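[1] sequence unknown, structure follows:
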């Protein structure tokens, strides 16, 4: 190992000879000349799938808005009532799009579209780099996963050559020392024919984006493709090989993304996400793959990328931030996918490539902290919608990424307004409101508690449709329910997941609303490694983190007691008032004697994938050796 910083700005490195590849920042204001254009896969069928997605969503939204307009216009429409109607339409269309996605997925399954298989004779051997960018991660976890992946790859008769690079941006000296010790262990035990390398930068310029650019411009020319992994990524040798095979036989493709399944869920909140990901996520993934086709998206990890295509077309410039300062594009993956497609490369999504895994935050607080980091980056996408030459679907991906966060404040505003509907029109509060407000004369319109709840029922039904359909498909197939522990166990877990998801939804809505406001005000949090090991937070931390939701819940509770707001708001009020205990519940470990249904068992918890078990053993072994100081630095 090198102890000092060398001329390439590396604190420590065991790297192969340099093979520089030029990569320049793209001009987002000008189209990239005349790019090589890869045609969309099956253009006629692609158009049909996209019409099947967007038309039902637009028609359903138009019908709802027409009905609401008829109700609101009974007393005449004011400007703010038009604004309210538009806000309802904007939020509802995104709900219907998720339902349409499920419809597209089911149609694709009924059409019996199968994944294309490749003959070994078609595969062109490639040199593939496995890249693991890390920043202050737990070394035993990173290198334990790497060991398991290399061993699994070594068991295959692959046509491709693989080299592993651990690209460290770690700033903590103690963690960096453990990284070098863990790497020495990996290098000593790596299977024959697999080279492994480690590099730590002296400065983490441009964070993960800069980390990957540093590798591409230093060594990228030697590798035709790179599989980008996160610190918690885990992929089977078969999954990695499948990606390499697909890329090698499709010279028009620049990137192929997998659908990572969640693993390592040891708390109630993590298991909630894992069960949802496995039981329902596959359906939305199938629908996305059907209509996105060659204009897919990139989620930043568990994907294979054609190295030269990426270097030539996906270099990211800095944006001009507040006060004229350069600003890094944070949610870079969506943008990189759009730039690849802009340059004429296909971006594909293969949800049926099994064996792609990642971990998930273990507690509600950890999930929210990660979400806050993503929020600011996704809102940047609004400034990138005008990028010259982007495919319309790429623009939609960018817009959807921003809207996924903007919907929370929109829902919040709607809830506040809708909460006033259905109250007793003869109360003193309502009479005073009607007589004194100049913006909404004769507001609210007469509406019963039942009528006001109808809208809520419709919205919840639409929001739950993907889950209900996914669960229904599984429940109707005995072979499918068997891997969940039987139909009874599956349906119990499904009900628990629905109840907990509804309980946590208002809390997440308020937290995302706060994150959007902070981002719009230019407030940012320090970039830190994601917490991947769940731990219970003390009561003081829980109260400090959830004070806004709790306070709002108390205010709404007073409104309920005084008859100011509609009774249908009770479930939301209860969730907000109980934000602190619900957050504490999220961290409860599943190792405790919990009832079977609360464990929300899934195929990966009942029968652990072999590579997951191997990675867990390797992580434990390395952790014990590092804690005992038994690994040398060389």
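    Done, it's in. These figures come from a predicted structure and were not determined experimentally.
[2] make it CA atoms for all contacts and neighbour counts henceforth
    Noted.
[3] for residue 619, what are its contacts?
    By CA atoms under 8 Å, 6 or more residues apart in numbering, the contact list for residue 619 reads 140-145.
[4] check which helix or strand covers it.
    helix 610-627 (DSSP states H and E).
[5] what's the average pLDDT for that helix?
    Averaged over helix 610-627, pLDDT sits at 95.
[6] same question, stretch 151-159
    Computed over stretch 151-159, the mean pLDDT rounds to 94.
[7] gap between that stretch and the chain center?
    29 Å (CA atoms, centre = their mean, to the nearest Å).
[8] got the buried residues for that stretch?
    Under the neighbour-count criterion of 16 or more other CA atoms under 10 Å, stretch 151-159 has 151-154, 158 buried.
[9] can I get the residues you listed in TSV including secondary structure and distance to residue 269?
    TSV is the format used below for the buried residues of stretch 151-159 (DSSP: H, G, I helix; E, B strand; the rest coil; distance: CA to CA, whole Å):
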residue	secondary structure	distance to residue 269
151	helix	31
152	helix	30
153	helix	32
154	helix	35
158	coil	38
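[10] longest helix of the chain?
    Assignment by DSSP state H gives helix 487-520 as the longest helix of the chain.
[11] strands along this protein, start to end?
    10-14, 127-134, 161-168, 195-201, 225-228, 234-235, 253-258, 261-263, 303-306, 319-320, 326-327, 346-350, 356-359 (DSSP state E).
[12] and the fourth one, how far out from the chain middle?
    Average the C-alpha atoms of strand 195-201, do the same for its chain, and the two points are 28 Å apart (CA atoms, centre = their mean).
[13] now that strand and strand 10-14, what's the angle there?
    With axes from the mean of the first three to the mean of the last three CA atoms, to 10 degrees defining the directions, strand 195-201 sits at 170 degrees from strand 10-14.
[14] contacting residues around strand 195-201?
    Contacts with strand 195-201, where a contact means CA under 8 Å, 6+ apart, come from 9-16, 162-170, 180, 183, 186-187, 190.
[15] buried subset of these, written for ChimeraX?
    Buried residues among the contacts of strand 195-201 (16+ other CA under 10 Å), as a ChimeraX selection:
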select :10,11,12,13,162,163,164,165,166,167,168,169,170,180,183,186,187,190
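[16] what about the nearest residue to residue 367 once chain neighbours are set aside, neighbour count?
    Spatially, and ignoring its direct neighbours in sequence, residue 367 is nearest to residue 361 (5.2 Å; CA to CA, 6 or more residues apart in numbering). Neighbourhood size, residue 361 [other CA atoms under 10 Å]: 24.
[17] per-residue pLDDT of residue 361, please?
    93.
[18] ok, now residue 558?
    pLDDT, residue 558: 87.
[19] quick one: it and residue 550, what's the gap?
    Residue 558 sits 13 Å away from residue 550 when distances are taken as CA to CA, to the nearest Å.
[20] one more: residue 574?
    For residue 574 relative to residue 550 (CA to CA), the value is 10 Å.
[21] next up, the contacts around residue 87.
    By CA under 8 Å, 6+ apart, residue 87 lies in contact with 410, 414.
[22] count of neighbours near residue 67?
    Neighbours of residue 67 using other CA under 10 Å come to 10.
[23] so how far is residue 522 from it?
    In this view, residue 67 and residue 522 are 39 Å apart by CA to CA.
[24] now the phi/psi pair for the nearest residue to residue 312 once chain neighbours are set aside, please.
    Leaving out its chain neighbours, the residue that sits closest to residue 312 by CA to CA, 6+ apart is residue 23, at 5.9 Å. Residue 23 has phi and psi values of phi -140, psi 120 when expressed as degrees, to the nearest 10.
[25] what's the pLDDT at residue 23?
    96.
[26] got the contact list for it?
    213, 216-217, 311-312, 315.
[27] just residue 243 next, same as before
    256, 303-304.
[28] switch the cut-off to 10 Å
    Residue 243 makes contact with 227, 255-258, 302-305, 350, 353, according to CA atoms under 10 Å, 6 or more residues apart in numbering.
[29] state the distance from it to residue 249.
    Between residue 243 and residue 249 the distance is 10 Å, computed by CA to CA.
[30] and for residue 280?
    31 Å.
[31] between the two, tell me which one has more neighbours.
    Neighbours per residue (other CA under 10 Å) separate residue 280 from residue 249, with residue 280 holding more: 21 against 16.
[32] tell me, how many neighbours does residue 43 end up with?
    12.
[33] ditto for the one 10 residues further on
    Look at residue 53: counted by other CA under 10 Å, it has 25 neighbours.
[34] tell me the confidence at it?
    Residue 53 is given a pLDDT of 93.
[35] residues contacting the closest residue to it other than its chain neighbours?
    Using CA to CA, 6+ apart and skipping residues adjacent in sequence, the residue nearest residue 53 is residue 100, 5.0 Å away. Taking CA under 10 Å, 6+ apart, we find residue 100 in contact with 50-57, 94, 106, 284, 287, 465-466.
[36] quick one, helices of the stretch 151-300 of the chain?
    Counting by DSSP state H, counting those that start in this stretch, the stretch 151-300 of the chain has helices at residues 173-189, 207-219, 237-249, 268-279, 281-292.
[37] quick one, which of the ones you listed gets closest to residue 475.
    Closest approach to residue 475 among the helices of the stretch 151-300 of the chain (CA to CA): helix 268-279, 10.5 Å.
[38] before we move on, back to that, between residue 558 and residue 550, which one's more packed in?
    Neighbours were tallied for residue 558 and for residue 550 using other CA under 10 Å; the higher tally belongs to residue 550 (21 against 14).
[39] if we can go back for a sec, which parts of the longest helix of the chain are buried?
    Judged by neighbour count using 16+ other CA under 10 Å, the buried positions of helix 487-520 are 487, 489-494, 496-497, 500-504, 506-516, 518-519.
[40] now do stretch 611-627
    By neighbour count on 16+ other CA under 10 Å, the buried set for stretch 611-627 is 611-612, 614-616, 618-619, 622-623, 625-626.
[41] re earlier: who does the longest helix of the chain touch, helix- and strand-wise?
    The contact analysis (3 or more CA pairs under 10 Å, 6 or more residues apart in numbering; DSSP states H and E) places helix 487-520 against helix 268-279, helix 364-384, helix 392-419, helix 449-475, helix 478-482, helix 547-562, helix 570-577, helix 579-586.
[42] mind listing what residue 235 touches?
    145-146, 148-150, 152-153, 229, 241, 260, 302, 354-358, 611-612.
[43] before we move on, what about residue 505?
    So residue 505 contacts 408, 511, 572, 575-576 (CA under 10 Å, 6+ apart).
[44] pLDDT score assigned to it?
    For residue 505, the model assigns a pLDDT of 93.
[45] look up how far residue 499 lies from it.
    Taking CA to CA, one finds residue 505 at 10 Å from residue 499.
[46] coming back round to it: of the contacts of residue 23, closest to residue 536?
    Nearest to residue 536, judged by CA to CA, of the contacts of residue 23 is residue 213 at 37.2 Å.
[47] list the contacts for that closest one?
    21-24, 206, 219-220, 310-311, 315-316.
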